[in-house]
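turn this into a structure:
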Amino acid sequence: MNDFLPLFPLKMVVFPNEKLNLHVFEPRYKQLIRECDENGITFGIPAFLNEKVMDFGTEIKLLEIVKKHPNGEIDIKTQGIGIFKINEFYRIAPNKLYSGADIIRIQYSDDREESKNEKIISLLTELFSLLKITKKIEKNPFKFRTFEVAHHVGFSVEQEYEFLCIRSEIERQGFLIKHLENLIPVVKEMERLRQKAKMNGHFKDAIPPKLNQ
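Below you'll find the predicted structure:
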């Protein structure tokens, strides 16, 4: 069954359960947020990639209007609650300023393999150590969810969108492991080159090789 959902396209990917703070200034989106606040409705953030609205997006609930500025702009807190697919897109929704779509809500699997989560946690720990990033990681493989780290693993926005479209957590685990196993050697090589570049200009011990007579 199709449901109508107001849309707030952005050049980014939002994941389920992700909390997102937004500064809203365009009249069409101020109207959208006002209606969400007054009527308790949700809205959708589909990714806007390659100059078009993509088919999949994340349904968003308004948590709080943090501030209303004198010029009418507003600061809001939101959270992703699920994934949807656009069936029919309306550039301007009927009698509204904003766009909208008839959508189908997508059911996605949370089934996962704890051993794969252990592998991901190990790879993430190694990656963040190489990058000297202090980032809290859920170390319990029973609680770990791939969506929670998807913005922190070096995905391009196109890869994030591809990740959003994967319905199975086990498949997302495999996608993430493959990505990290490909990325970590590149980061190691960049670090090696960085260290080598730091040595340029230093005096080096001139130790000649022993030559065979």
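
and the helix or strand bottoming out on mean pLDDT in the chain, what's buried?
Every helix and strand of the chain was ranked by mean pLDDT, DSSP states H and E. The lowest is helix 169-199, at a mean of 89. For helix 169-199, a neighbour-count test (16 or more other C-beta atoms under 10 Å) marks E169, R172, Q173, G174, F175, L176, I177, H179, L180, L183, I184 as buried. Using the backbone N, CA and C atoms, a C-beta is placed for each residue, glycine as well.

quick one: contacts for the second one?
This means R172. For R172, the contact set (C-beta atoms under 8 Å, 6 or more residues apart in numbering) comprises T146, F147, F163, I166.

looking at those residues, state which has the most neighbours.
Highest neighbour count within these, by other C-beta atoms under 10 Å: T146, with 23 neighbours.

test my guess that that residue contacts I120.
Yes: T146 lies in contact with I120 (C-beta atoms under 8 Å); the separation is 7.2 Å.

anything in contact with each of those two?
Q173, L176.

centre-most residue in the protein?
H151 (4.1 Å; C-alpha atoms, centre = their mean).

pLDDT score assigned to that residue?
pLDDT recorded at H151 is 95.

confirm that it sits in a strand.
No: H151 is assigned helix when assessed by DSSP: H, G, I helix; E, B strand; the rest coil, not a strand.

pLDDT weak spots in the chain?
1-2, 198-213 (pLDDT under 70).

all helices of it, in order?
Ranges of helices in the chain, per DSSP state H, are 27-39, 114-130, 157-164, 169-199.

buried residues in stretch 29-37, which are they?
Within stretch 29-37, the residues that count as buried by 16+ other C-beta under 10 Å are Y29, K30, L32, I33, E35, C36.

for the first one, what are its contacts?
The contact partners of Y29, by C-beta under 8 Å, 6+ apart, come to F8, Y98.

dump the buried residues of stretch 29-37 to a markdown table, plus distance to I106.
Converted to a markdown table, these look like this (distance: C-beta to C-beta, whole Å):
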| residue | distance to I106 |
| --- | --- |
| Y29 | 24 |
| K30 | 28 |
| L32 | 22 |
| I33 | 24 |
| E35 | 24 |
| C36 | 21 |
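
which one of those residues is nearest L49?
Closest approach to L49 among the buried residues of stretch 29-37 (C-beta to C-beta): Y29, at 19.1 Å.

wait, Y108 sits on I170?
No: under the criterion of C-beta under 8 Å, Y108 makes no contact with I170, lying 11.3 Å away.

next, the angle from the least confident helix or strand of the chain to helix 114-130.
20 degrees (axes from the mean of the first three to the mean of the last three C-alpha atoms, to 10 degrees).

from the chain's centroid, how far away is helix 169-199?
Centroid separation for helix 169-199 versus its chain: 18 Å, with C-alpha atoms, centre = their mean, to the nearest Å.
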